[in-house]
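Asks: Quick one, fold the following:
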Amino acid sequence: MNQANDEKVNLLLKDCDKFGAVDEQTIKMAEQELEVIFPYQYREFLANFGAVVGYGFEIYGLPHQEASQCPYWQNVVTIAKKLRKNNQIGAENKMFIPISHDGMDAYYFINTECFNKTEIWSIDYLREYIVSFDLYDFIEMLTCKGW
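Replies: Numbering: from 1, shown residues only. As a prediction, this is how the structure comes out:
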């Protein structure tokens, strides 16, 4: 991240719970398990924050958690596999990885087809459309309750 983006992201996430940095090996293992390569921005997010829970939203990540604990953080691998198994709309495209949910019908998926660009899609049973071409703009929309 450049310094301007760094400041913007830190400001956006200042009141959020952040899991914490995730190492490169954990990111690579998740990619292998899902058979994708995460876009650069999402890899950067995982490396810096791990996962985020904010007021009324969350961004799935790669938290480490004991099986005996009640889950607070959502693991992107667990959610993606569950949605695929349950034939959730949007999950049939293996290149689309769920990173958030609107609390109702829509999941937000990041398209992993291209490493250097970000596409975040909203997909529910009625429609699918791109909501952002930037992960941090997407987070800003969520924090501003622009939905």
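Asks: what separates the helix or strand of the chain with the lowest mean pLDDT from the chain centre, distance-wise?
Replies: Ranked by mean pLDDT, DSSP states H and E, the helix or strand of the chain with the weakest confidence is helix 3-12, at a mean of 73. Remark: helix 3-12 is offset 18 Å from the chain centroid, using Cα atoms, centre = their mean, to the nearest Å.
Asks: now swap in stretch 8-15 and tell me
Replies: That offset, for stretch 8-15, works out to 16 Å (Cα atoms, centre = their mean).
Asks: and the least confident helix or strand of the chain, what does it pack onto?
Replies: helix 135-143 (3 or more Cβ pairs under 8 Å, 6 or more residues apart in numbering; DSSP states H and E). For every residue, glycine as well, the C-beta is placed using N, CA and C.
Asks: Try it again at 10 Å.
Replies: Other elements packing on helix 3-12 under the criterion 3 or more Cβ pairs under 10 Å, 6 or more residues apart in numbering; DSSP states H and E are helix 40-49, helix 135-143.
Asks: and the angle from the strand or helix carrying Met29 to helix 40-49?
Replies: If you go by DSSP states H and E, Met29 is part of helix 24-34. Relative orientation of helix 24-34 versus helix 40-49 (axes from the mean of the first three to the mean of the last three Cα atoms, to 10 degrees): 130 degrees.
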